[in-house]
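> output the structure for:
(one chain, ligands or ions: 1)
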Amino acid sequence: MLTARNVTKNYSNLPILKGVDITVSKGEIVTIVGSSGAGKSTLLHILGTLDQPSSGEILLNDVNLTELKGNRLADFRNRHIGFIFQFHHLLPEFTAIENVCIPGYIAGVNKNTVREKAVFLLETLGLKDRLDHKPGALSGGEQQRVAVARALINSPDVVMADEPTGNLDSRNARELHNLFFELREKLNQTFIIVTHNEELAPLSDRQLVMKDGKII
Ligand SMILES: Nc1ncnc2c1ncn2[C@@H]1O[C@H](COP(=O)(O)OP(=O)(O)OP(=O)(O)O)[C@@H](O)[C@H]1O
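Predicted structure coming up:
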């Protein structure tokens, strides 16, 4: 489903990614691990089109992501790639369900369809009684689960998660890990997850270990 070929990234002529090749299949849960500064987040951002590589190409279901620009890129990203970050980045003035619906509205999907799907996702994630709560009235684990529902609202081909459990205690982290596997079972959802979590990485289908800008 996703192929990265010989991806490099330089910042101010300093090589950060030094030729990365990756292939991820549909329904796989792949973790990217490695020491601080190895280039994990840089790689994830490039795979997710949030940043451009200096060279190389990335194909998502045969679409060459490195050729997409401007509005076409933003539209493609919104429909095909979901993101979860260490901090949930929910909009504080909107309720849980509104936060989840927003990417669906932006994609131009019928409002009732989006709302029905948001209810389904939030219920699946154990948040049935929290639909109308604003982020400030949710616990850290609940906020992160709303962020997961938001990442899934447009049925993305792949969800990219950068340290999704980095801000959670071990119980909530474990719950979130379980949810990733449950979502893979139920929706055949593909995940690429950058993590320092020593419990999650060994559970994933594949651990890609990065060192000094390369997958080793
Ligand atoms: N915008 C930028 N400009 C210059 N250098 C950058 C930029 N972003 C990242 N870097 C550098 O690239 C290297 C890799 O950073 P990256 O955040 O990808 O590492 P990481 O493996 O995710 O680390 P961590 O586990 O600490 O989050 C680091 O040396 C970092 O300082």
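> list the buried residues in stretch 93-103.
Within stretch 93-103, the residues that count as buried by 16 or more other Cβ atoms under 10 Å are 95-103. Bear in mind the C-beta positions are built from the backbone N, C-alpha and C, glycine included.
> low-confidence stretches in this protein?
For the chain, applying pLDDT under 70 flags no range at all.
> any residues of it in contact with the ligand? List them.
11, 16, 34, 36-42 (Cβ under 6 Å from any ligand atom).
> who wins for neighbours among those residues?
The most neighbours of any of the residues of the chain next to the ligand, using other Cβ atoms under 10 Å, belong to residue 40, which has 24 neighbours.
> what about the residue lying closest to residue 164 once chain neighbours are set aside, how many residues nearby?
Nearest residue to residue 164 in three dimensions, chain neighbours excluded: residue 84, at 4.6 Å (Cβ to Cβ, 6 or more residues apart in numbering). Neighbour count of residue 84, defined by other Cβ under 10 Å: 24.
> correct me, but residue 84 touches residue 148?
Yes. Using Cβ atoms under 8 Å, residue 84 is in contact with residue 148, at 5.9 Å.
> overlap in contacts, these two.
Taking Cβ atoms under 8 Å, 6 or more residues apart in numbering as the criterion, residue 84 and residue 148 both touch 159, 164.
> just the helices in the protein please.
40-47, 70-80, 96-106, 111-124, 140-152, 170-187, 200-203 (DSSP state H).
> how about the residue most central in space within the chain: what's its closest non-neighbour residue?
Here the mean C-alpha position of the chain is nearest to the C-alpha of residue 160 (Cα atoms, centre = their mean), at a distance of 2.3 Å. Among residues not flanking residue 160 along the chain, residue 48 sits closest, at 4.3 Å (Cβ to Cβ, 6+ apart).
> before we move on, the earlier item: any idea how far the ligand is from the residue nearest to the centre of the chain?
Applying Cβ to the nearest ligand atom, to the nearest Å, the value for residue 160 to the ligand is 13 Å.
> list the contacts of that residue.
Contacts of residue 160 (Cβ under 8 Å, 6+ apart): 44, 47-48, 81-84, 191-193.
> any idea which of those is closest to the ligand?
residue 44 (7.7 Å; Cβ to the nearest ligand atom).
> near the closest one, how many other residues are there?
For residue 44, using other Cβ under 10 Å, the count is 20.
> now swap in residue 196 and tell me
Neighbours of residue 196 (other Cβ under 10 Å): 14.
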